[in-house]
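Undergrad: Based on what follows, work out the 3D shape:
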Amino acid sequence: MKIKKITKISNNSKRYDIQTESNNFFANGILVHNSLLIVSRFKGQYILRTRGTVDARKLDNGYELDAFQPILDKLVRLFESKGETWDFSLLFEWLSPTNVIVINYGDKPQFRLIGQVNHADYSLGSQKSLDFLADVIGVDRPETFSFGSIEDLLTQVDNWKGREGVCIYSKNGQEIHKVKSFQYWKLHSFKSNATFENTVDLFFEFDQPNFQDFQQKLVDHFDWECAKMVMGFTSEICDGYKEVKKIVESMKSFVEPFRSISRKVAAEKILQSYGKTNHVSFCFKLLDGKEIDKDGLKKLLYQVTKK
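TA: Purely as a prediction, here's the structure:
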């Protein structure tokens with residue numbers, strides 16, 4: 001299925017309208033880049049730069065580019081041995097252990113060849129030529145995936161855990177669009193907007209860990225400074241969740257004897273004890289042998305923490 005256009009719904013929205021030849025689809029996500037390393041040749045010099053600096057080696061983590069030098073040396077030998085003009089820039093994804101955006105890729109810097117921009121007309125190099133070049137210079141390429149349809153792609157990617165998302169190529173590879181997993185979007189949003197509410201969302205995303213485990217997960221997914229910044233939230237949330245579990249257990253014990261009586265009588269007893277709270281629906285759910293879902297537990301947590 002060929003993509004014709006991807007349009008952001010509005011400036012304040014995180015939803016995108018994906019137009020194909022036959023249908024329209026909507027996707028949640030933010031179209032962003034990770035750390036991008038750009039390799040160019042200018043006035044006989046080979047330059048390693050990013051979109052924010054003309055000399056990537058001068059960055060705080062620029063020393064990591066020592067690991068890129070063997071790749072650059074192979075590139076120089078390859079093209080200069082053929083006498084070819086270096087009239088393009090190569091794009092590499094720079095996975096830095098000291099600049100973890102959301103996903104931690106390990107404790108050593110990694111580099112993946114992701115693109116080529118031709119200077120004459122700003123066209124993009126083909127994926128086939130990039131695969132060939134990567135094989136010659138011994139550098140990784142991004143993993144590729146196959147999907148049966150746009151619906152299949154959006155469903156699968158949206159549910160990914162521990163992965164960022166995918167790039168969709170259209171117009172003979174000249175347009176690139178990113179579709180992010182919901183988990184990645186949530187984690188990325190948290191790092192740029194670490195509110196109490198977003199911390200609660202992460203708490204449930206991480207399956208309600210204890211305080212120490214919650215802090216460690218924040219360190220693993222983001223960094224120590226981020227975890228320290230929300231430590232007050234995490235402490236309050238974990239303490240509050242202990243109270244939530246007590247409330248839930250109390251409601252379970254309360255409704256347990258009512259399983260053997262009529263529902264009408266059980267309803268009267270529940271309303272007598274919980275009618276002045278908003279726990280009535282939870283009691284009926286427990287009476288039916290169901291568990292309180294995450295949305296319900298969140299409501300109870302907000303009540304306990306008075307947020």
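
Undergrad: Helix or strand with the lowest mean pLDDT in this structure?
TA: Ranked by mean pLDDT, DSSP states H and E, the weakest helix or strand in the chain is strand 24-28, scoring a mean of 43.

Undergrad: And the next helix or strand past it?
TA: Moving toward the C-terminus from strand 24-28, the next helix or strand (DSSP states H and E) is strand 36-42.

Undergrad: just checking, what packs against that next one?
TA: strand 45-49, strand 88-95 (3 or more CB pairs under 8 Å, 6 or more residues apart in numbering; DSSP states H and E). Bear in mind the C-beta positions are built from the backbone N, C-alpha and C, glycine included.

Undergrad: what distance separates the first one from the middle of the whole chain?
TA: It refers to strand 45-49. Computed by CA atoms, centre = their mean, to the nearest Å, the chain-centroid distance of strand 45-49 equals 30 Å.

Undergrad: if I look at I47, how far off is E93?
TA: When distance is defined by CB to CB, to the nearest Å, I47 is 18 Å away from E93.

Undergrad: Same check on A134?
TA: Applying CB to CB to A134 and E93 gives a distance of 12 Å.

Undergrad: Likewise for G138?
TA: 16 Å.

Undergrad: ok, the two, which is more surrounded?
TA: A direct count of neighbours by other CB atoms under 10 Å for G138 and E93 places E93 higher, at 19 against 9.

Undergrad: doesn't R141 make contact with that one?
TA: No. Between E93 and R141 there is no contact under CB atoms under 8 Å: 9.9 Å.

Undergrad: hey, what's in contact with both of these two?
TA: R112, I114 (CB atoms under 8 Å, 6 or more residues apart in numbering).

Undergrad: mind putting the helices and strands packed on strand 36-42 in a markdown table, mean pLDDT and distance to Y302 included?
TA: Shown next, in a markdown table, are the helices and strands packed on strand 36-42 (pLDDT from 0 to 100; distance: least, CB to CB, whole Å):
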| stretch | mean pLDDT | distance to Y302 |
| --- | --- | --- |
| strand 45-49 | 86 | 46 |
| strand 88-95 | 89 | 37 |
